[in-house]
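Novice: just coords:
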């Protein structure tokens, strides 16, 4: 007669099932060990007591005192300000109670993990920090640039100070730009003084540029002598040599693109050593005058940008008074510089 024992009837004989039950037993054991460890840590914090008295000392000193009297170790990152001054007198108080007192109104909370106490920012503090960052986000502003007579200035440069981000004004002198609340706009135009305008919460900006009298009195060579730009009836465009320096171009002509009103710079094909061509809007090809000497495009393109002090484009009868040309010129004025 066979004796069917309980284990023989219910204990699985399949090796895979045996392995599965073995893993379940190990997992259950580890889970219970973790639960008991957390309970023991919480119980330890409630039963462990410390005694000390401090007056206006840094929070880090109090944490060090708790570590010296207990087995706890504090963990926190650089966002936690442990230099805040605290005052407390603890006489056989539990660690939890001491932490509740010294961390009150500091925006810091603690969490027990075994023998470690983790300090971190409260959830509302993190939310407030996120809100502050959102307030620094950019917004679009509109503006208008005019002269002292109220006439719109077309093509004025509007740039955020300290950055390469900017735009230019349209036919009505208006512009739109995305800025941050603390940005400062720098508005510039040839013949006018640069103007700085802080955003400071403004949504719409009205800028009046003042004439640069010094630039209006600069001497310009014309077809029949010299005069100042103030007295000239012809249109004059000036470009400072410092704006052409340190630009990634292999010729002066290429560096002028977009920097002189009415000057059109076109690529000549891109072959090695080739230079772009220059034309004056409404006037055809220019006449190049370098240090008072009529030159060709090759001489102009081989100039060293570091040796150029300023460039003038004069359109009209100022140059055609002595020569039968188109009435346009480029004059490179390099006073006190070599190879002007």
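Specialist: That came through fine. This is a predicted model, so every value here is computed, not measured.
Novice: Might you list the low-confidence residue ranges for the stretch 101-250 of the chain?
Specialist: Within the stretch 101-250 of the chain, the stretches with pLDDT under 70 are 123-136, 213-250.
Novice: try 80 this time
Specialist: Across the stretch 101-250 of the chain, the ranges flagged by pLDDT under 80 are 114, 122-138, 201, 212-250.
Novice: Which parts of it are helices?
Specialist: Along the stretch 101-250 of the chain, the stretches classed as helices by DSSP state H, counting those that start in this stretch are 123-135, 213-216.
Novice: ok, now which ones touch the closest residue to residue 73 other than its chain neighbours?
Specialist: Distances taken as CB to CB, 6 or more residues apart in numbering put residue 116 closest to residue 73, at 5.4 Å, once the chain neighbours are dropped. Glycine gets a C-beta too; all of them are placed from N, C-alpha and C. Each residue near residue 116 by CB atoms under 8 Å, 6 or more residues apart in numbering is listed here: 72-75.
Novice: same check, this time on residue 71
Specialist: Contact partners of residue 71, counting by CB under 8 Å, 6+ apart, are residue 115.
Novice: May I ask you to confirm that it belongs to a strand?
Specialist: No: Residue 71 is assigned coil when assessed by DSSP: H, G, I helix; E, B strand; the rest coil, not a strand.
Novice: picking that back up, partner residues bridging the residue nearest to residue 73?
Specialist: Beta-bridge partners of residue 116, counted by DSSP bridges, are residue 73, residue 113.
Novice: Let me see the contact set for the closest residue in space to residue 212 that isn't next to it in sequence.
Specialist: In this structure, residue 212 finds its nearest non-sequential neighbour in residue 193, 5.0 Å apart by CB to CB, 6+ apart. Listed by CB under 8 Å, 6+ apart, the contact set of residue 193 reads 209-212.
Novice: So which bits of the helix or strand hosting residue 54 are buried?
Specialist: Assessed by DSSP states H and E, residue 54 sits inside strand 49-58. Neighbour-count burial for strand 49-58, counted by 16 or more other CB atoms under 10 Å, picks out 50, 52, 54.
Novice: Packing partners of that strand?
Specialist: Contact here means 3 or more CB pairs under 8 Å, 6 or more residues apart in numbering; DSSP states H and E; on that basis strand 49-58 packs against helix 59-69, strand 85-94, helix 95-102.
Novice: Adding distance to residue 178 and mean neighbour count as columns, could you present the ones you listed in CSV?
Specialist: Listed next are the helices and strands packed on strand 49-58 as CSV, based on distance: least, CB to CB, whole Å; neighbours: other CB atoms under 10 Å:
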stretch, distance to residue 178, mean neighbour count
helix 59-69, 41, 17
strand 85-94, 43, 14
helix 95-102, 45, 18
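Novice: Please identify which of those is closest to residue 147.
Specialist: Closest approach to residue 147 among the helices and strands packed on strand 49-58 is made by strand 85-94 (57.6 Å; CB to CB).
Novice: relative to helix 59-69, how tilted is the closest one?
Specialist: 20 degrees (axes from the mean of the first three to the mean of the last three CA atoms, to 10 degrees).
Novice: And the contacts of strand 85-94?
Specialist: With CB under 8 Å, 6+ apart as the criterion, strand 85-94 contacts 45-59, 62, 97-98, 101-102.
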